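**Student:** Show me the folded form of this:
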Amino acid sequence: MPFTLAQPVHSDLVVKKSRFIGCVQAVPDRAAAQAVVAGLRAEHPAATHVCWAFLAGGQSAANDDGEPGGTAGRPMLEVLRRQDLEGVVASVVRYFGGVKLGAGGLVRAYTDAIAQALLAAHKVPLQKTLTLRCTVPYAMEGMLRRELQLAHAVLGAVNHGDAVEFEFDVKEADAPALVARLNEAGQGVLRWAD
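**Tutor:** As a prediction, the model looks like this:
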């Protein structure tokens, strides 16, 4: 079962006078991962490199940011894969200390920075969700909202027209029981959208 991270976690590692600041955090997609990296570049303008790797939604990417090819991004990506993580970006900010580490030393430093951050990370199982849509009469709006809250569903768009249209996300495993409860409480007037 894949995991994601509950909150961002950082590590700080010094190897032969070079400082490696590792960060791992959950992201929904590549655009969010690139935004995290852009934020790190802005936060650390004097850094020599900001290398990163990410896995989300079946996509992966790795960037060495000027380090020798395959010595930063790809090794960090492998750490994420070995930890069975999904929806996560790993980034390392490097301040060069004047001593070259060689290809092997760079691989070790970048993977160690991410591995140390992951040691302190709280991993949570990744839950698949479904987006459901239904329509109810105004008189049933309160009941539907209570049922969604009890099921820990995430309420999306609510439109008030001739009836009340709801859109919500619910964990895939919880969806059948919630649908059954709503159908029973809806007494035949609750309508599901495709």
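**Student:** what residues are up against residue 128?
**Tutor:** 171-172 (CB atoms under 8 Å, 6 or more residues apart in numbering). The C-beta positions use only the backbone N, C-alpha and C, and glycine is treated the same way.
**Student:** buried stuff in the longest helix seen in the chain?
**Tutor:** Identified as the longest helix of the chain according to DSSP state H is helix 102-119. Neighbour-count burial for helix 102-119, counted by 16 or more other CB atoms under 10 Å, picks out 106-118.
**Student:** Residues in contact with that helix: which ones?
**Tutor:** Against helix 102-119 from outside (CB under 8 Å, 6+ apart): 9-11, 13, 15-16, 18, 20-24, 51, 67-68, 70-72, 75-76, 78-80, 83, 90, 92, 94, 101.
**Student:** Which of those fall in helices?
**Tutor:** Reading helices off the contacts of helix 102-119 with DSSP H, I get 75-76, 78-80.
**Student:** hmm, back to that, now the buried members of the contacts of helix 102-119.
**Tutor:** The buried subset of the contacts of helix 102-119 (16+ other CB under 10 Å) comprises 9-11, 13, 15, 18, 20-24, 51, 67, 71-72, 75-76, 79-80, 83, 90, 92, 94, 101.
**Student:** Quick check: closest non-adjacent residue to residue 158.
**Tutor:** residue 166 (5.6 Å; CB to CB, 6 or more residues apart in numbering).
**Student:** Neighbouring strands - and their directions - for the helix or strand where that neighbour lies?
**Tutor:** Per DSSP states H and E: residue 166 is located in strand 164-171. Strand 164-171 has the following strand partners under DSSP bridges: strand 129-136 (antiparallel), strand 154-160 (antiparallel).
**Student:** closest to residue 43 out of the ones you listed?
**Tutor:** Nearest of the strands paired with strand 164-171 to residue 43, taken as CB to CB: strand 154-160 at 30.4 Å.
**Student:** All set, thanks.
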